[in-house]
Structure formats: C-alpha cells, structure tokens
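# Kindly generate the corresponding structure for this input.
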Amino acid sequence: MSSIAYVTDESMLEYHRLCRNRAILFWRLSSKRKFTDFRKGDLLFFFARPYKSRKKAFIGYAHFDSIVRLSLKQMWSRYGQFTGYDSEPLLKEAIEKAAKDSHIPKQMSCLYLTDVVFFTSPIYPHEAGLDIPNNLESYCYLDRSDPSVTVRILKIAEERGIDLWSSDENSSPEIIFSQDEIRHELAVIHKNFGRDEGSEKERIKARKLAREKCEEEGWEMIRQSRTDLLRIEDDRVVIALPFVAQINDRDLRIREIAGRMLIYRMRIQEQLHKKVNFEAFGENVPETVTQLAEHINNEQI
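Purely as a prediction, here's the structure:
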C-alpha cells in the first residue's frame, strides 16, 4: 500500500470537478521515475496550487487503476474529456506547452484513476505533519513506511468536509471517502501488530488460505497484511482471520487470535466508531475459536 502526492495542474482539476468526472486520465511526458510501489486501489493525492494561493496543497485524491501507454490520438479517442480538456486540439496544446521544444512523444505513459474525491478546502502538507517542497517535481511517496500519514490527511478532510458536487446515484464521494478511511485506519491498526505469528510453515499456510479467501466476493486484504481480510458493509466492518496451528502450539495460537480480535475491536470502536464482526477461517478451526468470534460479535449488538 502506498499513497503519493502528485503535482497536478489546478485548472485541469477544476475542469474535472465541474464536469463531475468520476475518472481521470493523467499523461506523463517522462517515465524515468517509475512507480515502484503503487498498486491498484492506492491513493493519488492531487498536489496543486489552490485559487489565490502561492503554496501547493492537497485538493483531493483518486484511486490508481492502471498505467497505459497511448499516443495523443489514442488518448483522446478512448478517454475524451476524462483527459481534462474539451477537445483534442486543446489537449495537444497543453502537451506541447509542457514538452521540450513542443515535441509530443509518439506514446506517453498515462495514469488511469477512478473514484475521484475533492476536498471542500485545501489541506497544506504541514497540517498533516509533512514537509513537501512547493517546487516538487512529478510526485513523492507519502506513507511507504507509515500508513498513518494517509490517515492524518483523511481525518483533516473529514473535519472540513468533502465536495459532494460530483455525487450521483451510482457513485457517492461520501461513501468512497468513508471506505477509504476505514481501509487506511485498519492498515495502521494492523501495522502495530508487528510480525505475523506462528512458525514459517504456519505463516505460509495462513497466507495461502488468505489469498483463497480473498477470491470470495466482497473480501479484500487489509492493506500491508498478507493474512487478515476485510469486508465493508453498510453498518459494520467484518474482519476474517486465518487460523493455522500445529499440535504443539494449538493453545498459543488460540490465545493469539483471541487477542487479535479484541485489539481490532477496541481500536475500530475507538477510531472509527463502527461495529465490527469477526470470523475465523481455515481447515480445522477449533470450536473454541468459532464460539469466541460469535461471543464478540453478539456482545456488540
């Protein structure tokens, strides 16, 4: 999981906002700085200069979907106004202006982004405890080693509000924002657990079970975890934990999964004020663990 601050043209962002675009295509003239740790669903924060401000700030964000290489004509024919311009000539003019000697490459590396969310007011880096130079070129990573950075930005945005102008019956920025906050808060909670429990053999088995569980509809891995899964429902968060044990450490593994459930519950209720349900999965989950999960779930009703 990574979030990045991406230097963005403010007038193009305003175009997307006014058009209520739920997807965006960003073109990049140079691909020398490749995204080495940026995956589908990660957040790209728009780092741009707000109206009547000299300093750049976070204006909103979108979710990274994919990177595609396209020519100018392909870009316009496939994505049209999702490029941020009204016509192909205007798009061409913008690329020529940004390119050296007005030379447009035959193909450009383009970022396709979805689920756009705009903030009602800019968030300056220092407000989230960040030191990002105003003359930043291209982009920088925000939370490679500390997922709480993204949470701090989202918390400030939650306090100030998000722009609901782009809301429609199929996709609400409010719902998208709420789910993003849950995902990143859980990443922080999980990081504090430290190293996965169990022997190497048990960890390998748990990761295999988690990958299989992740194939089921609605489930996703908690970010930066290889074992713990998440499902977001309307009124609650559901967490699934794998249970893998050997005969000689079965009781220890039971105590560990019990402690994990209780810590998750406490932190989620403190930080997200959400009801949380648990389920344990694996080849031979003890009845004790199943009953424990049911007890914790019923205790919150």
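# Pull the contacting residues for the residue nearest to Phe243 when sequence neighbours are not counted.
Distances taken as Cβ to Cβ, 6 or more residues apart in numbering place Gly282 nearest to Phe243, at 4.2 Å, with adjacent residues excluded. The way it works is simple: take the backbone N, C-alpha and C, and place the C-beta from them, glycine included. Gly282 sits next to 206, 209, 242-244 when contact means Cβ atoms under 8 Å, 6 or more residues apart in numbering.
# Neighbour-wise, which one of those residues leads?
Most neighbours among these, by other Cβ atoms under 10 Å: Pro242, with 26 neighbours.
# Now do the same contact list for that residue.
So Pro242 contacts 205-206, 209-210, 213, 227, 280-282 (Cβ under 8 Å, 6+ apart).
# Quick check: strands, which of these are part of them?
280-281 (DSSP state E).
# And the contacts of Pro242, which is closest to Ala187?
Thr227 (13.5 Å; Cβ to Cβ).
# All the strands of the protein, residue numbers only.
3-7, 23-28, 43-48, 57-70, 108-123, 139-141, 220-221, 229-232, 236-242, 275-281.
# Pull the number of nearby residues for Trp165.
Counted with other Cβ under 10 Å, Trp165 comes out at 11.
# that older thread, would you mind putting the contacts of Gly282 into JSON lines with pLDDT and distance to Gly218 alongside?
Formatted as JSON lines, those follow (pLDDT from 0 to 100; distance: Cβ to Cβ, whole Å):
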{"residue": "Ala206", "pLDDT": "95", "distance to Gly218": "20"}
{"residue": "Leu209", "pLDDT": "97", "distance to Gly218": "17"}
{"residue": "Pro242", "pLDDT": "97", "distance to Gly218": "17"}
{"residue": "Phe243", "pLDDT": "96", "distance to Gly218": "20"}
{"residue": "Val244", "pLDDT": "95", "distance to Gly218": "23"}
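# could I get those residues as JSON lines with distance to Ser199?
Shown next, in JSON lines, are the contacts of Gly282 (distance: Cβ to Cβ, whole Å):
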{"residue": "Ala206", "distance to Ser199": "10"}
{"residue": "Leu209", "distance to Ser199": "15"}
{"residue": "Pro242", "distance to Ser199": "14"}
{"residue": "Phe243", "distance to Ser199": "14"}
{"residue": "Val244", "distance to Ser199": "9"}
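# how far away is Ala99 from Leu29?
For Ala99, the distance to Leu29 equals 6 Å [Cβ to Cβ, to the nearest Å].
# Can you pull the residues that touch both of the two?
Pro105.
# ok so, going back, when you check the contacts of Gly282 against the helices, which ones overlap?
Among those, DSSP state H puts 206, 209 in helices.
# what's across from Val237 in the sheet?
Ile232, Val276 (DSSP bridges).
# got a list of what it touches?
Contacts of Val237 (Cβ under 8 Å, 6+ apart): 182, 186, 230-231, 268, 272, 274-277.
# Scan those and report the most crowded one.
Most neighbours among the contacts of Val237, by other Cβ under 10 Å: Leu186, with 27 neighbours.
# Show the pLDDT at it.
At Leu186, the model reports a pLDDT of 95.
# I'd assumed Met221 was in contact with it.
No. Checked against Cβ atoms under 8 Å, the pair Leu186 and Met221 is beyond contact range at 10.3 Å.
# shared neighbours, these two?
In contact with both Leu186 and Met221: Leu230, using Cβ under 8 Å, 6+ apart.
# Where does the prediction get shaky in the chain?
Applying pLDDT under 70 to the chain flags residues 1, 30-33, 102, 166-171, 300-301.
# Show residues contacting the longest helix along it.
Ranked by number of residues, the top helix in the chain under DSSP H is helix 250-271. Helix 250-271 is contacted by residues 185-186, 189, 193, 197-198, 202, 228, 237, 239, 241, 243-245, 274, 276, 278, 280, 286, 288-289, 292-293, 296, 300 when judged by Cβ under 8 Å, 6+ apart.
# Would you check that Asp65 makes contact with Cys110?
No. In this structure, Asp65 is not within contact of Cys110 by Cβ under 8 Å, at 10.8 Å.
# More neighbours: those two, which one.
Set Asp65 next to Cys110 and count neighbours by other Cβ under 10 Å: Cys110 wins out with 21 against 17.
# Now do the contacts for the more buried one.
Cys110 makes contact with 25-28, 67-70, 75 under the criterion Cβ under 8 Å, 6+ apart.
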